[in-house]
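Novice: could you work out the structure for the sequence below:
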Amino acid sequence: MLNLSAPDAASSTTPNDEDDGSASHRNFFSSKQPPKNFTLNLFYISDGSASHLNLFSSKQPPKKKRKSRTAFNNHQLFELEKRFLYQKYLSPADRDELSQTLGLSNAQVITWFQNRRAKLKRDMEELKKDVHTATLLSDHTVFIKTMTQMGLLKNRPPDQLINFSKK
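Specialist: As a prediction, the model looks like this:
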């Protein structure tokens, strides 16, 4: 541990400075001397070959073990999906009843419904993108047909058409 402290004579505050916190803050950054009673804790970690400066304690708090992922069986998934079709949010009573019926914990039912709502939202966003893309392609096709009918574009012979379909 390294203790740096400024001597009393080297203090950069003057009697005229207001003590509103800003003066001491300003003096801390503008003074070449550290403020009084400034303490810096440094820890060195050695891996055998070199020492490394670490500003954090070398002791790490133990990590909590996460519960393994729940594998729902087909019956549970069927019942959860069936309930989700007509009820996106469950009341506490409905949640208790469903968890009891399926042999799941309340937390598992809550998590399943949260994840299912998130999946529904993602799917809806993807569908919106697909509809938008289809609309653009349709508009483009209509535009090309109209321009061709007006004589502004010429039809290509079938052997010169570009095939965009996947093979």
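
Novice: what about the helices in this structure?
Specialist: For the chain, the helices defined by DSSP state H cover 22-30, 74-86, 92-102, 106-149.

Novice: what about stretch 63-75, start to end distance?
Specialist: End-to-end span of stretch 63-75 (C-alpha to C-alpha, to the nearest Å): 34 Å.

Novice: and for Leu102, nearest residue in space, chain neighbours not counted?
Specialist: Gln76 (4.9 Å; C-beta to C-beta, 6 or more residues apart in numbering). Bear in mind the C-beta positions are built from the backbone N, C-alpha and C, glycine included.

Novice: got the contact list for the nearest residue to Arg95 once chain neighbours are set aside?
Specialist: Nearest-residue entry for Arg95: Val109, 5.3 Å, with adjacent residues in sequence omitted and distances by C-beta to C-beta, 6+ apart. Val109 sits next to Leu80, Leu90, Arg95, Leu98, Ser99, Leu102 when contact means C-beta atoms under 8 Å, 6 or more residues apart in numbering.

Novice: you'd agree the third one is up against Asn106?
Specialist: Yes. Judged on C-beta atoms under 8 Å, Arg95 makes contact with Asn106 at a distance of 5.9 Å.

Novice: more neighbours: these two, which one.
Specialist: A direct count of neighbours by other C-beta atoms under 10 Å for Arg95 and Asn106 places Arg95 higher, at 18 against 14.

Novice: how near is that one to Thr146?
Specialist: Arg95 sits 56 Å away from Thr146, going by C-beta to C-beta, to the nearest Å.
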